[in-house]
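[1] Got a predicted structure plus its sequence, pasted below:
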Amino acid sequence: MAERYISKEKFTRILDRLMSRYRVYGPVFGGMYHDFEVLKEAGDADLSFRNTRLSPKGLLHPHSERMFEYSLAKDDPEAGIVKEAAKEYPATLILGIRPCDARAFQLVELNYVTEAFQDPWWRNRRKAAVLVGLACNEPCESCFCTTAGTGPFDETGLDILLVDVGTGYVARAVSKEGGTLLGSMEGDAVPSDLTEESARLQRKAEGQLGKQFNVDDLKSKTVSELFNAPFWDEVQFSCINCGTCTFLCPTCWCFDIQDEVYKERGDRIRIWDSCMFPLFTHHGSGHNPRAQKLQRVRQRFMHKLKYYPEKYKDGIACVGCGRCVKHCPVNIDIRHVARLMSTSCTCPA
Amino acid sequence: MRAYTERIREAAKRLLTEKRVDVVIGFRKGTIPLVNEPFLVKDPKDADQLYWDGNCGVNLANYLAKRTDRVAVVAKGCDTRNIVVHLLEFQIKREQLYILGAPCHGMLDRRKIAGELKGKEPTFAEESDGTVKISGREFEVTLDRKEFLQENCSICIHRNPVLYDELVGDLVEEQQNVDRYVDIREIEALLPADRWQYFSKLVEPCIRCYACRNACPACYCPTCFVDESRPQWVGKSLDKTDTLTFHFLRAYHLGGRCTDCGSCERACPVGIKVRKFTKKLEKDIRELYGYETGLSVDERPPLDTYRPGDPEAFIK
C-alpha cells in the first residue's frame, strides 16, 4: 500500500481541508486529560497525547443512544408504534486513534456486526468513519498491547497509520479507503532514512512493552478450573464495583435498554451497562445470579480472558490499552489477574 | 512513613497469631506508582505484604460495613471518623474492631502529579522528608510533598485518628487556622442562575459509573436510589436532569455524614470535583448545628435527632 511523508506544517493544512469534507474527531486536551472531540480548528488536536481518558468506542457506541421513539397520544393513529429515531451519519474521520483502540472496534464488531445481526447504529457510524491512526512511539507503563495480541504500530484496525518521525508523519495506507484518502493528500515520497526511523521507533516501542502474561497458558486451563480457582477471593476484596473499568474499556460492549416516557412521548434508549453493577443481572423475579461481588469481578475477567477466547476461537477480548489499570480507584490490575489465571499461583505482582 | 509499614506488619502478625482478630485490612503496594491496593490478610504469613506510604488515600472504612467477623483495620484520621459514622449508624460493632490508628501526613494526589509531569509516565515514586521523588524513562523530578496532596488533605484538620486501639506511628501536629470553605463561599456568592450553571458544568463529564458513590464509606445502602427498579426513580442516561439528580441526592444523603475524606473525588475517572456538593452540606451542618462529623460516638448526628434549640429558620 501507498506510503507518504507529510511534514507537520503540511499536515495542518491538509487537516484544515479534511475538516470541510469530514466531521473530524481528534484528541483534545480538556485541562486534565485528552478525549476525542469534534475539531473546530485543526489546531485543537493535540497529537502529542499518550491516549485519551475515555476510549473512542463512545464515538460509535455513545453512552446514551436514542434508538426508537413513540407517541402515546390517545388521538394519534400511530400511538404505540415504535419507530426508529432519525439519525444522520455524516462522513467522519477519527484522527489519532491508537492502534489498540482501532483493533478494539474490530472486537466489538464481532458482536455488533455479524451475519445474523447487524447493529444499525454501530454499523452506519463505522461505515461512515475513516480511521487515521497514530502509532505509539512511547507506550504508557500500563500498556500491554503486544501481550494482548496487538501492538503500538499495529495497522490491523486502521485505514491509515501515521508514524510521528519528528518533523512530520510517515503515513501508510492500510485499507482501500485509506489509500484513496492518502492519495488525495499532498505529500512526498518517504526518504529512506525516515523509513528506517519509523522502523526504529517501532522496535523501540515494542521493546518497552515486554510480555506481561501468557495468553496460551490461559487457553490451556478449563473454564471450571478457573471459575472455581481460590484466587478470586483475593482479587475481589478491594473492588468497589464501580463502572470505571468497563466504561473506560474500548472492548466492553454491554448495554441496558430503557424506555423513558414524558407526557405523551416515549423514547427507547440504549445505555452503557456494566457487569460490575448488581442491577446488570437482576432478574424480574428478584433473583440475582451474580448477587455477590466475587461473582461480578470474576465475570469481568473470565469474559475477557476465558469465555471470549473460547466462544470466538480468538485471542483475548482485551487490547491492552491499560485504561482500567491506570484508573481503577483501588488498583485492580488485569495484568496481575491474568497472571494469576495463567499460572494459578498467588504470587504477588 | 516507611516506619508505619513495619509496625503495621508486626501488629497484623501479632493480632492474627494471638487470634485477637480474624482478618486485618490494610494496603499492599500497588502494581503502578502512586496507587496502593486495599488488602485483606487472613494468614499471618501474608502480613508482610502490608504496606504504607502516601498513596493510601482509599478510605478503608468502606470495607467494614456489615462485616460480621473481628477486624483489625489500618485507619487514618478520616477513616476513623468514618468508622465513628459506621458505629453511630450500627453498621459494625466497636467490639468487632481493632483500630490500628495511622496518624496521617496527607495523601498524594496522583492526578495532580500526573498534571505536573505533563504526559511523562512515572515508573517509580518514593517519598522522603517532605518530598516525592518520581522517575520514569529518561526523567527524574523531586516534588514538594505538600504541594501535591489531595485537596481535602491539604485542608484537613483531623489527621490524627479520633478512635484507635493502638497507633502505628507518633501523633502528628494538626493543621491550624485552616479556612476550609474558600471555594464554597465563592459558589454561595453566585446568583442562583450562575450557580445552576456552575453545577451543570461541573457534572458535564460524568459517565454515571458511580465510582464516587462506591468509593464512599457512607454510601452503603443495600440498594442505592439510582438502582431502584420497582419503580425506577432516576433515569440512567446522560440526561442532564438525571445526572444532576444523582449528584444532588447523593450529596444530600451525606449531609452530616460526610467526613470529607476525598474518596469520591479520588475515584472519579473523569476528574469531577464531587466534593463541591458535599462540602457545602458539611459547611451547613457545621454552621446550623455546630457539628463536625465522626468525632464522637457519644453524640447522635444532628439530622437523626431533635433538640429544642435546633434552628428552624427554614420553616416559613
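    Done, it's in.

[2] quick one: B:Asp194 is in a strand?
    No - going by DSSP: H, G, I helix; E, B strand; the rest coil, the assignment for B:Asp194 is helix, not a strand.

[3] Double-check B:Thr123 against B:Glu140; I have them as touching.
    No - B:Thr123 is beyond contact range of B:Glu140, at 10.3 Å (criterion: Cβ atoms under 8 Å). In short, each C-beta sits where N, CA and C put it, glycine included.

[4] For these two, indicate the residue with more neighbours.
    Set B:Thr123 next to B:Glu140 and count neighbours by other Cβ atoms under 10 Å in any protein chain shown: B:Thr123 wins out with 13 against 10.

[5] give the contact list for the nearest residue to that one once chain neighbours are set aside.
    Distances taken as Cβ to Cβ, 6 or more residues apart in numbering or on different chains place B:Gly136 nearest to B:Thr123, at 4.8 Å, with adjacent residues excluded. By Cβ atoms under 8 Å, 6 or more residues apart in numbering or on different chains, the contact set of B:Gly136 is A:141, B:117, B:120-124.

[6] Kindly state the pLDDT recorded for B:Gly136?
    pLDDT, B:Gly136: 93.

[7] Over to the residue nearest in space to the middle of chain B. Which of the three states is it?
    The centroid of chain B falls nearest to B:Cys261 when counting by Cα atoms, centre = their mean (2.9 Å). Per three-state DSSP, the secondary structure class of B:Cys261 is coil.

[8] What pLDDT does the model give it?
    On pLDDT, B:Cys261 comes in at 98.

[9] which residues does it contact?
    B:59, B:78-79, B:81-82, B:152, B:217.

[10] For those residues, which single residue is the most surrounded?
    Counting neighbours by other Cβ under 10 Å, B:Asp79 comes out on top of the contacts of B:Cys261 with 32 neighbours.

[11] Just confirm that one is within a strand.
    No - counting by three-state DSSP, B:Asp79 is not part of a strand but helix.

[12] on that earlier part again, angles on the backbone of the residue nearest to B:Thr123, please.
    Main-chain torsions, B:Gly136, degrees, to the nearest 10: phi -150, psi -160.

[13] and if you look at B:Glu140?
    phi -150, psi 130.

[14] Check the spacing between it and B:Asn36 real quick.
    Counting by Cβ to Cβ, to the nearest Å, the gap from B:Glu140 to B:Asn36 is 22 Å.

[15] With A:Leu209 instead?
    In this structure, A:Leu209 and B:Asn36 are 24 Å apart, going by Cβ to Cβ.

[16] Looking at those two now, which is surrounded by more residues?
    Using other Cβ under 10 Å as the criterion, A:Leu209 and B:Asn36 rank with B:Asn36 on top: 24 against 19.

[17] What is the burial count for the closest residue to B:Arg257 other than its chain neighbours?
    The shortest distance from B:Arg257 to any non-neighbouring residue, by Cβ to Cβ, 6+ apart, is to B:Ala218 (4.7 Å). A count of nearby residues for B:Ala218, using other Cβ under 10 Å, gives 28.

[18] cool, A:Cys143 as well?
    A:Cys143 has 30 neighbours, counted by other Cβ under 10 Å.

[19] how would you label it: helix, strand or coil?
    Applying three-state DSSP: A:Cys143 is coil.

[20] show me what contacts B:Gly121?
    Actually, residue B:121 is Glu rather than Gly. A:50, A:138, A:140-141, B:136-137.

[21] quick one, what contacts residue 278?
    In the absence of a named chain, chain A is used. A:241, A:288, A:290-291, A:296, B:227.

[22] meant chain B, my bad for not saying
    Each residue near B:Thr278 by Cβ under 8 Å, 6+ apart is listed here: B:251, B:254, B:258, B:260, B:264.

[23] ok, of the residues you listed, which one's closest to chain A?
    Using Cβ to the nearest Cβ, B:Cys264 is the member of these that lies nearest chain A, at 9.7 Å.

[24] ok, that closest one - how many residues close by?
    30.

[25] I'd guessed it sits against B:Cys216; true?
    Yes - in this structure, B:Cys264 is within contact of B:Cys216 by Cβ under 8 Å, at 5.5 Å.

[26] Look up phi and psi at the nearest residue to B:Phe139 once chain neighbours are set aside.
    Closest residue to B:Phe139 apart from its sequence neighbours, by Cβ to Cβ, 6+ apart: B:Lys120 at 5.5 Å. Dihedral pair for B:Lys120: phi -70, psi 150, per degrees, to the nearest 10.

[27] Kindly state the pLDDT recorded for B:Lys120?
    Looking at B:Lys120, its pLDDT stands at 91.

[28] Name the spans of the chain whose pLDDT lies under the cut-off.
    Assuming you mean chain A. Confidence mapping of chain A against pLDDT under 70 gives the ranges A:1, A:344-349.

[29] my bad, the chain I had in mind was chain B
    B:1, B:316.

[30] where exactly do the helices run in it?
    Using DSSP state H, the helices found in chain B span residues B:2-17, B:77-88, B:110-117, B:151-154, B:182-188, B:192-202, B:211-215, B:240-253, B:263-267, B:275-289.

[31] got the angle for the last one vs helix B:240-253?
    What separates the directions of helix B:275-289 and helix B:240-253 is an angle of 40 degrees, with axes from the mean of the first three to the mean of the last three Cα atoms, to 10 degrees.

[32] Can you pull the residues of the stretch 1-150 of chain B lying near chain A?
    Residues of the stretch 1-150 of chain B lying near chain A by Cβ under 8 Å from any Cβ of the partner chain: B:28, B:30-33, B:35-40, B:49, B:58, B:62-63, B:111, B:115, B:119, B:121-123, B:136-137.

[33] Please consider this matter closed, and thank you.
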